[in-house]
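Asks: Sequence first, predicted model second:
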Amino acid sequence: MLSRRFCIGTALRSTAAALLLTATLTATLTAPAVAQDRDRDRDRDSQRDDAFIWSGTIPSGRRVMIKNINGGIQVERSTNGRVEVRAEKRWRRGNPEDVRIEQQKIGDDLLVCALFSEGSRCDERGIQTDRRTKWNDRNDVSVRFTVRVPDGVRVDLSTVNGGVEVTGVNNEVDARTVNGSITGSMGAVGRADDLEYETVNGAITIELPATFGAQLELSTVNGRVSTDFPITMSGTLSPRHIRGTVGNGATRLRASTVNGSVTLRKIN
């Protein structure tokens, strides 16, 4: 928490930690996930507009940061060496002009944010909104990001109401949401390519090659943890928490949720 501001990006992790300590919130937390499914059904009839397109090069080892509040994020592997970011606004009764997409370069990193009010600002920490800002509850605009990144470019993703999907990427991934599932189908993850996935209301499913090796920590509060990989365990075996080593332990994988399962699948 910041003085007179709420920071979406940095607050996601502390929000999840607080919920882990408060089991009485379980029933309340489950409802938004159900509502999110209904929203996806209504979204089929929504109006759409390509609000933002960016294409360029980013040096290997640098980051693409996407900060969102309402809407999902999809990441794919780029085969032409360029980073591509597309933002699509979707709405039924809201005003898409009330939501703006901002982009800036921070050194060699790229930051793209969806801002839903005049008093919102965005930086590497996330979206910051003045507490005095009055939200328009009738504005149902959402923003869906599609991001393509070449090998070597890291991704840092956060949203609040929406799912995250990462497909075919070989890079370091940090993905967070509050109300939404996370799915990842990874390529050949390298030694320094850490993977971190975190949600509150939603399942996490990660597909990895058979040669994958990592220091592993998977956890849930209301759900189960399962893995296709043989694991050298650390600590007590639990259906809701797994900590241990897979293969050579060359990288680090952490996945946590409150309401949902965590599944690690092996792909050939």
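Replies: Now that the structure is in, tell me what you want to look at.

Asks: Tell me where the chain is predicted with low confidence.
Replies: 1-45, 131-138, 190-192 (pLDDT under 70).

Asks: All the helices of it, residue numbers only.
Replies: 8-20, 26-43 (DSSP state H).

Asks: Run a quick neighbour tally on residue 118.
Replies: Residue 118: 11 surrounding residues under other C-beta atoms under 10 Å. In this view, the C-beta of every residue, glycine as well, is placed from N, C-alpha and C.

Asks: any idea how far residue 130 is from it?
Replies: The gap separating residue 118 from residue 130 is 9 Å, by C-beta to C-beta, to the nearest Å.

Asks: Outside of stretch 59-71 itself, list whatever touches it.
Replies: With C-beta atoms under 8 Å, 6 or more residues apart in numbering as the test, stretch 59-71 has contacts from 8-9, 58, 73, 83, 85, 90, 107-114, 116, 122, 124, 126-127, 141-145, 147, 149, 151-162.

Asks: PyMOL command to pick out the buried ones of those residues?
Replies: To isolate the buried members of the contacts of stretch 59-71 in PyMOL, using 16 or more other C-beta atoms under 10 Å:
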select buried, resi 8+9+58+73+83+85+90+109+110+111+112+113+114+116+122+126+127+141+142+143+144+145+147+149+151+152+153+154+155+156+157+158+159+160+161+162
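
Asks: Which of the contacts of stretch 59-71 fall in strands?
Replies: Judged by DSSP state E, the contacts of stretch 59-71 include 73, 83, 85, 90, 109-114, 122, 126-127, 142-145, 147, 149, 154-158 as members of strands.

Asks: ok, now which ones touch the residue lying closest to residue 145 once chain neighbours are set aside?
Replies: Nearest non-adjacent residue to residue 145, counting by C-beta to C-beta, 6 or more residues apart in numbering: residue 73, 4.6 Å away. Taking C-beta under 8 Å, 6+ apart, we find residue 73 in contact with 66, 144, 145, 147, 157, 159, 162, 163, 164, 165, 175.

Asks: what's across from residue 73 in the sheet?
Replies: As for beta bridges, residue 73 partners with residue 145, residue 164 under DSSP bridges.

Asks: on that earlier part again, okay, the contacts of residue 73 in CSV with distance to residue 207 next?
Replies: Shown next, in CSV, are these (distance: C-beta to C-beta, whole Å):
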residue, distance to residue 207
66, 21
144, 22
145, 21
147, 19
157, 17
159, 21
162, 20
163, 16
164, 14
165, 11
175, 14
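
Asks: Need the max-distance pair from those residues.
Replies: The most widely separated members of the contacts of residue 73, counting by C-beta to C-beta, are 144 and 175 (14.9 Å).

Asks: what comes up buried for stretch 249-258?
Replies: 250, 251, 253, 254, 255, 256, 257, 258.

Asks: can you tell me how far the fifth one sits from residue 181?
Replies: Between residue 255 and residue 181 the distance is 12 Å, computed by C-beta to C-beta.

Asks: Identify the contacts common to these two.
Replies: Joint contacts of residue 255 and residue 181 (C-beta under 8 Å, 6+ apart) are residue 204.

Asks: Alpha carbons only: can I get stretch 258-268 in PDB?
Replies: Extracted in PDB, the C-alpha atoms of stretch 258-268 (Å, rounded to 0.1, in the frame of the first residue of the first chain):
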ATOM      1  CA  VAL A 258      -6.000 -20.300  -3.000                       C
ATOM      2  CA  ASN A 259      -9.100 -21.700  -4.700                       C
ATOM      3  CA  GLY A 260      -8.100 -24.200  -7.400                       C
ATOM      4  CA  SER A 261      -5.800 -27.000  -8.300                       C
ATOM      5  CA  VAL A 262      -2.200 -26.900  -9.400                       C
ATOM      6  CA  THR A 263      -1.200 -29.400 -12.100                       C
ATOM      7  CA  LEU A 264       2.200 -30.100 -13.600                       C
ATOM      8  CA  ARG A 265       2.100 -32.100 -16.800                       C
ATOM      9  CA  LYS A 266       4.900 -33.700 -18.800                       C
ATOM     10  CA  ILE A 267       4.900 -33.300 -22.500                       C
ATOM     11  CA  ASN A 268       7.200 -35.200 -25.000                       C
END
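
Asks: Quick one: distance of it to the chain centre.
Replies: With C-alpha atoms, centre = their mean, to the nearest Å as the basis, stretch 258-268 stands 15 Å off its chain's centre.
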